[in-house]
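S.K.: model the following, please.
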Amino acid sequence: MAKPGRLGVGIIGAGKVGAVLGAALRSAEHAVVGVSAVSDASRERAETLLPGVPVLEVQEIVERAELVLLAVPDDALPGLVDGLAKLGAWQPGQLVAHTSGRFGVGVLHPIRAAGAVPLALHPAMTFTGMSLDLTRLLDCTFGVTADAAMLPIAQALVVEMGAEPVAIAEADRTLYHAALAHGSNHLVTLVAQSSQLLREVGVEQPERMLGPLLRATLENALASGESALTGPVARGDVGTVEAHAQALREYDGGGHGDVLAAYLAMARATARRAEGRGLLKADQLEGLNRALDTEED
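M.R.: Below you'll find the model as predicted:
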């Protein structure tokens, strides 16, 4: 017997996010009535995660669905929503949720004229597009934005997918997304740069060396915040920081590569934050700034 309140769900965009969330909603006994998939990769993903679900045109999905999940790139979202509105595709009472971190419900304004309900459901998680992502959802939070009266619906959908909803104000969506991108996306760049340098000095498996260190650092930072900070900048070891900068400048060919620029930017930010917390004395901060402020950078 089906649970009460089960919805017919349409997935627009069988990318890594859309297919996984569709599968999660299906596991909660919602019926996925259709999915759009253009590329070979997205079709294969839909077949794997949403077996038996028909691949349909976007407008047909909107016609069939009580809940439409828009899992498309940020830049494509406004045009898609507006285009479907001009076609008269949106329906009264229809739930329309997007998965963009950047946008709140404002981007869905065109659906309101038809009486549809806008929701923003952004998973704060990186996805592979494989079934293992369903397990990751159980330890995941979603940034949720909706009109006050509709917020419980958005929150309930997230809970049904096994995740935790966190309300984000409409005006705060861009800053919210910037925080996640800065912490997650730039972490990948930092790891890649560190791995590159270790390979340069002969470490054949930099992931073996970095893995335990980075995992411990991340766990400590999440548990203890900035009190977990260690290293030469936090200690005010000006000579060490200066030596780092010089070595990276030589490696980067006079400072024209991205590794030195990233090191200098993060070291400066780390020094400012360490000084603000009272870890550095004024003369130490001044010495660090001199070591980091060079003509070549």
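
S.K.: so what's residue 287 closest to, chain neighbours aside?
M.R.: Of all residues beyond its chain neighbours, the one nearest residue 287 is residue 238 (3.9 Å), with distances taken as Cβ to Cβ, 6 or more residues apart in numbering. (Glycine included, C-beta is placed from N, CA and C.)

S.K.: residues in contact with that neighbour?
M.R.: By Cβ atoms under 8 Å, 6 or more residues apart in numbering, the residues touching residue 238 are 284, 287, 288, 290, 291.

S.K.: one more: residue 166?
M.R.: Residue 166 sits in contact with 141, 142, 143, 144, where contact means Cβ under 8 Å, 6+ apart.

S.K.: need the buried ones from these selected in ChimeraX.
M.R.: Buried residues within these, by 16 or more other Cβ atoms under 10 Å, are selected in ChimeraX with:
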select :142,143,144
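
S.K.: tell me the one of the contacts of residue 166 nearest residue 41?
M.R.: Using Cβ to Cβ, residue 142 comes nearest to residue 41 of those, at 24.6 Å.

S.K.: just grab the bridge partners of the closest one for me.
M.R.: Residue 142 has these beta-bridge partners by DSSP bridges: residue 123, residue 165.

S.K.: mind checking how far it is from residue 20?
M.R.: Separation of residue 142 from residue 20 (Cβ to Cβ, to the nearest Å) stands at 13 Å.

S.K.: one more: residue 78?
M.R.: 24 Å.

S.K.: so between those two, which is more surrounded?
M.R.: A count of neighbours by other Cβ atoms under 10 Å puts residue 20 above the other of residue 78 and residue 20, at 28 against 16.

S.K.: ok, that one touching residue 137?
M.R.: Yes: counting by Cβ atoms under 8 Å, residue 20 touches residue 137, with 7.4 Å between them.

S.K.: tell me where the chain has strands.
M.R.: For the chain, the strands defined by DSSP state E cover 8-12, 31-36, 67-70, 95-98, 117-123, 141-146, 164-167.

S.K.: which parts of the fifth one are buried?
M.R.: Read it as strand 117-123. Quick answer for strand 117-123 (16+ other Cβ under 10 Å): 117, 118, 119, 120, 121, 122, 123.

S.K.: name the helices or strands packed onto it?
M.R.: helix 16-27, strand 95-98, strand 141-146, helix 151-160 (3 or more Cβ pairs under 8 Å, 6 or more residues apart in numbering; DSSP states H and E).

S.K.: any chance of a markdown table for the ones you listed, columns distance to residue 85 and mean pLDDT?
M.R.: Listed next are the helices and strands packed on strand 117-123 as a markdown table, based on distance: least, Cβ to Cβ, whole Å; pLDDT from 0 to 100:
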| stretch | distance to residue 85 | mean pLDDT |
| --- | --- | --- |
| helix 16-27 | 20 | 95 |
| strand 95-98 | 10 | 98 |
| strand 141-146 | 19 | 98 |
| helix 151-160 | 21 | 97 |
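
S.K.: nearest to residue 172, of the ones you listed?
M.R.: strand 141-146 (8.7 Å).

S.K.: other SSEs contacting that closest one?
M.R.: strand 117-123, helix 151-160, strand 164-167, helix 173-200.

S.K.: so what are the domain limits for this structure?
M.R.: 8-168, 176-292 (the TED database).

S.K.: now do the last one, average pLDDT.
M.R.: Confidence over domain 176-292 (mean pLDDT, whole number) is 94.

S.K.: okay, the strands of the chain in JSON lines with distance to residue 211 next?
M.R.: Below are the strands of the chain laid out as JSON lines (distance: least, Cβ to Cβ, whole Å):
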{"stretch": "strand 8-12", "distance to residue 211": "35"}
{"stretch": "strand 31-36", "distance to residue 211": "36"}
{"stretch": "strand 67-70", "distance to residue 211": "35"}
{"stretch": "strand 95-98", "distance to residue 211": "35"}
{"stretch": "strand 117-123", "distance to residue 211": "25"}
{"stretch": "strand 141-146", "distance to residue 211": "25"}
{"stretch": "strand 164-167", "distance to residue 211": "27"}
